[in-house]
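Novice: The following block contains a protein sequence and its predicted model.
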Amino acid sequence: MCEHSLYATTTRASVKRRTVLKIAATASAVLAFFPRAFAQNPKAPPKPENVLSPDAALERLMSGNVRYVQGVSKRHDFNHEREPLRTGQNPFAAVLSCADSRIAPEYCFDTARGDVFVCRVAGNFASDEIVASLEYAVQILTTPLIMVLGHDACGAVDATAKSIRDGTTLPGHLPTLIAAISPAVKAVQGETGDILDNAIRRNVILNVEKLKTSGPILNTFVDNKKVRVVGGIYKLASGKVELLP
Ligand SMILES: [Zn+2]
């Protein structure tokens, strides 16, 4: 081995050691705040079938959507589903979706209780509270996949586009939503095609990027390929989830 490759190997090993230490330090810090939650997460996961790689988790999520679209969703026996989840949970995916009543991530991916950790807010954007919730899912519940799920004809994105276009201020707390979704709407100004469709898509892409780079927890898991963050658009007419590249 030449001196250069020895140096490269040593450097790689040092970087790997630093990464491991960083994850360990992050885990210790989080566990200090969630001791009870950790205690409730038993060594044997309540749903062993949910222990998946990020890629396998995505495949399972999308297979569920195919069943939902085809109208062949599984029958769920809630009595039996509750029992193993009495002492813990290990969902195989987390979904950040719009609050729109027509979406329902548990249905559209044909999942059972304990399978999907769902965070919902109109406009499916990653506020600090949502990021914190997803940090909990990834760090404590060992969830390997996060999907940001937008949908066509989103009222929150449409209201944002109209508010910007007309220069109007919406009542109550709605300006909070407008402020969070505005970057996506402004980013697609001047693009060809339908502005609402473009903004919905861009909103998903921006929030996927935000979650991937959110430190110190999510970015570490993503960089170490322990977690994947993907974007999707739910189609109201068909129920199909289109994965964004
Ligand atoms: Zn919506």
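Specialist: Looks like it arrived, so ask away. Treat the numbers as computed from the prediction; the structure is a model and nothing was measured. Residues are numbered from 1 along each chain as shown.
Novice: Can you name the residues that contact residue 203?
Specialist: 123, 124, 125, 150, 154, 157, 181, 184, 185 (CB atoms under 8 Å, 6 or more residues apart in numbering). The C-beta positions use only the backbone N, C-alpha and C, and glycine is treated the same way.
Novice: in the strand or helix carrying it, what counts as buried?
Specialist: Residue 203 belongs to helix 195-212 when assigned by DSSP states H and E. Residues of helix 195-212 classed as buried by neighbour count (16 or more other CB atoms under 10 Å): 195-208, 210-212.
Novice: still on that earlier bit, tell me which of the contacts of residue 203 is nearest to the ion?
Specialist: Set against the ion, the nearest of those by CB to the ion is residue 154 (3.3 Å).
Novice: surely the closest one meets residue 99?
Specialist: No: if you go by CB atoms under 8 Å, residue 154 and residue 99 don't touch, sitting 10.2 Å apart.
Novice: The two - which one has more neighbours?
Specialist: Counted by other CB atoms under 10 Å, residue 154 and residue 99 do not tie: residue 154 has more neighbours, with 27 against 12.
Novice: nearest spatial neighbour of the more buried one, skipping sequence neighbours?
Specialist: residue 200 (5.2 Å; CB to CB, 6 or more residues apart in numbering).
Novice: mind checking pLDDT for residue 168?
Specialist: Looking at residue 168, its pLDDT stands at 96.
Novice: now swap in the one 4 residues further on and tell me
Specialist: We note a pLDDT of 98 for residue 172 in this prediction.
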